[in-house]
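Asks: Below is the structure, and that's it, no one-letter string:
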């Protein structure tokens with residue numbers, strides 16, 4: 001280890017800084033081997049930890065990404081984005097700025113396996129010393145021991161409710177383009193489009209866009225990120241859409257409702273008549289773009305959910321899923337409270353009324369993704385590495401995930417705590 005077992009701050013006999021208004025950070029390797037590391041102005045925060053970042057590593061601030069060397073140079077107080085103990089992303093000010101000697105230490109590049117490409121540096125990761133701590137699903141872990149672990153990305157990802165809505169969209173009109181992956185969908189019913197927009201607001205890029213077509217449609221699109229790339233990988237194989245079966249099995253009633261509002265409709269031709277003389281409609285799901293194997297799996301999924309159904313060939317050879325009258329009644333009982341007023345044409349008279357509270361999704365969460373950690377050859381002429389301290393949360397977000405800030409002590413505080421064994425008088 002490059003840090004000594006303990007260290008001290010050089011003070012005069014009265015516990016004050018020297019005449020030059022500086023205080024020397026000293027450490028002892030042995031009884032008679034005492035060396036001065038560096039002199040600091042009094043009142044300055046100093047790092048007691050060698051874990052630092054390369055100067056070109058970027059930190060996510062309220063104004064966008066900024067190189068950490070510039071934050072330290074300008075003593076920029078931010079605020080920067082960090083992660084609270086509850087897992088929420090929030091802005092916190094910077095309270096300390098550190099420029100330390102590299103001192104021959106090895107550096108590592110940490111990047112996400114599902115990085116969102118190289119555009120504007122995204123996906124390039126963060127370069128830091130091996131002893132710097134990363135926030136993983138197991139807690140704080142050293143960077144040089146984090147290869148293959150899931151590290152907090154710092155980006156917001158859909159919570160379970162929002163993920164179910166996205167699953168329903170992907171079964172219907174949703175699409176994730178290749179390259180810089182973004183979730184897109186277009187709807188003819190503005191009321192339905194606005195409901196989807198409200199549920200997915202944290203992830204959307206801009207507001208609804210009206211497409212000038214013969215039949216007007218409202219288009220929404222998300223931003224690109226690690227979570228959209230994972231969504232693309234799960235739903236596409238060789239650029240062909242496929243069913244993410246794990247996501248469908250866990251989507252629940254809200255996902256089923258979104259799928260029906262996207263690509264389902266009531267089928268009244270040949271409807272049965274119940275004891276009250278009312279027709280009992282059946283239902284259809286369009287499954288364009290999915291393979292026969294996927295359609296048959298979806299039929300099995302619906303049957304397991306108690307919704308009687310079977311595959312059906314449309315006149316032009318397109319595959320559909322037919323839901324009989326009994327299955328349609330079960331379907332409506334489950335999804336009725338999610339059917340927005342703009343979709344009343346897809347509602348049966350006995351379906352439960354629309355409940356706006358059922359769409360309440362709660363806050364988005366911070367995501368985790370697997371990282372790749374590789375040695376990084378820092379140029380020999382660069383002698384310094386950098387770090388900052390963040391108020392309360394003690395972490396900040398970079399392109400390579402959530403990293404812990406430097407441990408630090410304030411020189412004035414050390415001078416006032418003579419009981420601290422790390423402080424002594426000359």
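Replies: Noted; the coordinates are in hand. Note that the coordinates shown come from a computational prediction; the quantities given were computed from them, not determined experimentally.
Asks: And the average pLDDT for the helix or strand containing residue 265 is what?
Replies: Under the criterion of DSSP states H and E, residue 265 resides in strand 264-273. On average, the pLDDT along strand 264-273 is 70.
Asks: got it, and stretch 233-242?
Replies: 88.
Asks: Report the buried residues of that stretch.
Replies: Neighbour-count burial for stretch 233-242, counted by 16 or more other CB atoms under 10 Å, picks out 234-236, 241-242. Where C-beta positions appear, they are placed from N, C-alpha and C, glycine not excepted.
Asks: List just the nearest of these to residue 109.
Replies: Closest approach to residue 109 among the buried residues of stretch 233-242 (CB to CB): residue 234, at 26.4 Å.
Asks: Excluding sequence neighbours, find me the nearest residue to that closest one.
Replies: Closest residue to residue 234 apart from its sequence neighbours, by CB to CB, 6 or more residues apart in numbering: residue 244 at 4.3 Å.
Asks: And the contacts of the host helix or strand of residue 329?
Replies: Following DSSP H and E, one finds residue 329 within helix 325-335. Identification of contacts with helix 325-335 by CB atoms under 8 Å, 6 or more residues apart in numbering yields 253, 256-257, 260, 266, 271-272, 280-283, 302, 305-309, 323, 347-348, 350-352.
Asks: in a helix, that's where residue 144 is, yeah?
Replies: Yes: assigned with DSSP: H, G, I helix; E, B strand; the rest coil, residue 144 falls within a helix.
Asks: What residues are bridge-paired with residue 241?
Replies: Applying DSSP bridges to residue 241 yields these beta-bridge partners: residue 236.
Asks: low-confidence ranges in the stretch 301-426 of the chain?
Replies: Within the stretch 301-426 of the chain, the ranges that satisfy pLDDT under 70 run 406-426.
Asks: Could you pull out the helices in it for me?
Replies: 325-335, 411-415 (DSSP state H, counting those that start in this stretch).
Asks: Flag every buried residue along the helix or strand following the strand holding residue 265.
Replies: Note on strand 264-273: by DSSP H and E, the next helix or strand toward the C-terminus is strand 279-286. Residues of strand 279-286 classed as buried: 280-286 (neighbour count, 16+ other CB under 10 Å).
Asks: strands paired with strand 279-286, and their directions?
Replies: Using DSSP bridges, strand 279-286 pairs in its sheet with strand 264-273 (antiparallel), strand 319-323 (antiparallel).
Asks: Let me know how buried the closest residue in space to residue 393 that isn't next to it in sequence is, in neighbour terms.
Replies: If the residues on either side of it in the chain are set aside, residue 393 comes closest to residue 82, at 4.1 Å by CB to CB, 6+ apart. Residue 82 sits with 27 neighbouring residues when counted by other CB atoms under 10 Å.
Asks: I'd say residue 82 and residue 396 touch.
Replies: Yes: Residue 82 is in contact with residue 396 according to CB atoms under 8 Å; the separation is 5.2 Å.
Asks: got a list of what the residue nearest to residue 132 when sequence neighbours are not counted touches?
Replies: Spatially, and ignoring its direct neighbours in sequence, residue 132 is nearest to residue 51 (3.9 Å; CB to CB, 6+ apart). By CB under 8 Å, 6+ apart, the contact list for residue 51 reads 128-129, 131-133, 387, 404, 406.
Asks: now swap in residue 240 and tell me
Replies: Counting by CB under 8 Å, 6+ apart, residue 240 touches 289, 291.
Asks: Go again with 6 Å.
Replies: By CB atoms under 6 Å, 6 or more residues apart in numbering, residue 240 lies in contact with nothing.
Asks: Quick check: it vs residue 262, distance?
Replies: Computed as CB to CB, to the nearest Å, the residue 240 to residue 262 distance reads 19 Å.
Asks: And for residue 371?
Replies: According to CB to CB, residue 371 stands 35 Å off from residue 262.
Asks: Phi first, then psi, for the nearest residue to residue 217 once chain neighbours are set aside.
Replies: Among residues not flanking residue 217 along the chain, residue 186 sits closest, at 4.3 Å (CB to CB, 6+ apart). Residue 186 adopts backbone torsions of phi -130, psi 140, taken as degrees, to the nearest 10.
Asks: My guess is residue 186 contacts residue 220. True?
Replies: No: using CB atoms under 6 Å, residue 186 is not in contact with residue 220; the gap is 7.9 Å.
Asks: Between the two, tell me which one has more neighbours.
Replies: Shown here are residue 186 and residue 220; by other CB under 10 Å, residue 220 has more neighbours (24 against 18).
Asks: any idea which element that one lies in?
Replies: If you go by DSSP H and E, residue 220 is part of strand 217-221.
Asks: Not counting its own residues, what contacts that strand?
Replies: Residues from elsewhere that reach strand 217-221 (CB under 6 Å, 6+ apart): 182, 184-188, 190, 193, 197, 204-205, 208-211.
Asks: Likewise for stretch 241-260?
Replies: 164-165, 167-169, 171-172, 234-235, 289, 294, 334-335, 338.
Asks: Now render the residues you listed as JSON lines, adding distance to residue 104 and secondary structure.
Replies: Output for those, formatted as JSON lines (distance: CB to CB, whole Å; DSSP: H, G, I helix; E, B strand; the rest coil):
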{"residue": "164", "distance to residue 104": "51", "secondary structure": "helix"}
{"residue": "165", "distance to residue 104": "52", "secondary structure": "helix"}
{"residue": "167", "distance to residue 104": "50", "secondary structure": "helix"}
{"residue": "168", "distance to residue 104": "55", "secondary structure": "helix"}
{"residue": "169", "distance to residue 104": "52", "secondary structure": "helix"}
{"residue": "171", "distance to residue 104": "55", "secondary structure": "helix"}
{"residue": "172", "distance to residue 104": "57", "secondary structure": "coil"}
{"residue": "234", "distance to residue 104": "43", "secondary structure": "helix"}
{"residue": "235", "distance to residue 104": "47", "secondary structure": "helix"}
{"residue": "289", "distance to residue 104": "56", "secondary structure": "coil"}
{"residue": "294", "distance to residue 104": "56", "secondary structure": "helix"}
{"residue": "334", "distance to residue 104": "64", "secondary structure": "helix"}
{"residue": "335", "distance to residue 104": "63", "secondary structure": "helix"}
{"residue": "338", "distance to residue 104": "60", "secondary structure": "helix"}
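Asks: quick one: which of these is nearest to residue 144?
Replies: The closest of those to residue 144 turns out to be residue 234 (CB to CB; 30.5 Å).
Asks: how near is the closest one to residue 89?
Replies: With distances taken as CB to CB, residue 234 is found 24 Å from residue 89.
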